[in-house]
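# Dropping the sequence and predicted coords here.
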Amino acid sequence: MVGSESHSMNEREKTLNAVGAAFLSILPGMGHLYLGVKRAQVFLVCGLALLVVAKFFWPMGWLFYIQLAIFSGVDAFSFGKRNRGLF
């Protein structure tokens, strides 16, 4: 019965979604929002706070923002690929 089967994503679709989520994580949290992960708000708030701090108060804050963006991208890819993040 083809019509009653539930649609499950194959490995290629999972990989494409995971890569898309990783690219969206240039703004930490956006990849998690794309995947529907509950921890997205934490990454988004931290990323926006680091952007404000780096822009107005501490220029070296960009280094922390870049680290958060990389970590967020890897976590979003991990969550999209295997349904669990790094932590």
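Okay, I see it.
# Render the CA-only coordinates of stretch 47-62 in PDB, please.
Output in PDB follows, covering the C-alpha atoms of stretch 47-62 (Å, rounded to 0.1, in the frame of the first residue of the first chain):
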ATOM      1  CA  GLY A  47      24.500  35.600  18.400                       C
ATOM      2  CA  LEU A  48      22.600  38.900  18.300                       C
ATOM      3  CA  ALA A  49      24.100  39.900  21.600                       C
ATOM      4  CA  LEU A  50      27.600  39.200  20.300                       C
ATOM      5  CA  LEU A  51      26.900  41.200  17.200                       C
ATOM      6  CA  VAL A  52      25.800  44.200  19.300                       C
ATOM      7  CA  VAL A  53      28.800  43.900  21.600                       C
ATOM      8  CA  ALA A  54      31.200  43.500  18.700                       C
ATOM      9  CA  LYS A  55      29.700  46.500  16.800                       C
ATOM     10  CA  PHE A  56      29.400  49.000  19.600                       C
ATOM     11  CA  PHE A  57      31.500  48.000  22.600                       C
ATOM     12  CA  TRP A  58      34.300  45.600  21.900                       C
ATOM     13  CA  PRO A  59      35.700  45.100  18.400                       C
ATOM     14  CA  MET A  60      37.400  41.800  19.400                       C
ATOM     15  CA  GLY A  61      33.900  40.400  20.000                       C
ATOM     16  CA  TRP A  62      33.800  39.400  16.300                       C
END
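# contacts for it?
Defining contact as CB atoms under 8 Å, 6 or more residues apart in numbering, one finds that stretch 47-62 is touched by 27, 28, 29, 64, 65, 68, 69, 72. Using the backbone N, CA and C atoms, a C-beta is placed for each residue, glycine as well.
# Most neighbours out of the residues you listed, which is it?
Ranked by the number of neighbours (other CB atoms under 10 Å), those place residue 72 first, at 30 neighbours.
# OK, contacts around that residue?
By CB under 8 Å, 6+ apart, the neighbours of residue 72 are 25, 28, 29, 31, 32, 43, 47.
# mind listing which of these are in strands?
Per DSSP state E, strands hold no members of the contacts of residue 72.
# Make TSV out of those residues and add pLDDT and distance to residue 76.
Shown next, in TSV, are the contacts of residue 72 (pLDDT from 0 to 100; distance: CB to CB, whole Å):
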residue	pLDDT	distance to residue 76
25	92	5
28	91	9
29	90	9
31	91	3
32	90	5
43	87	8
47	89	12
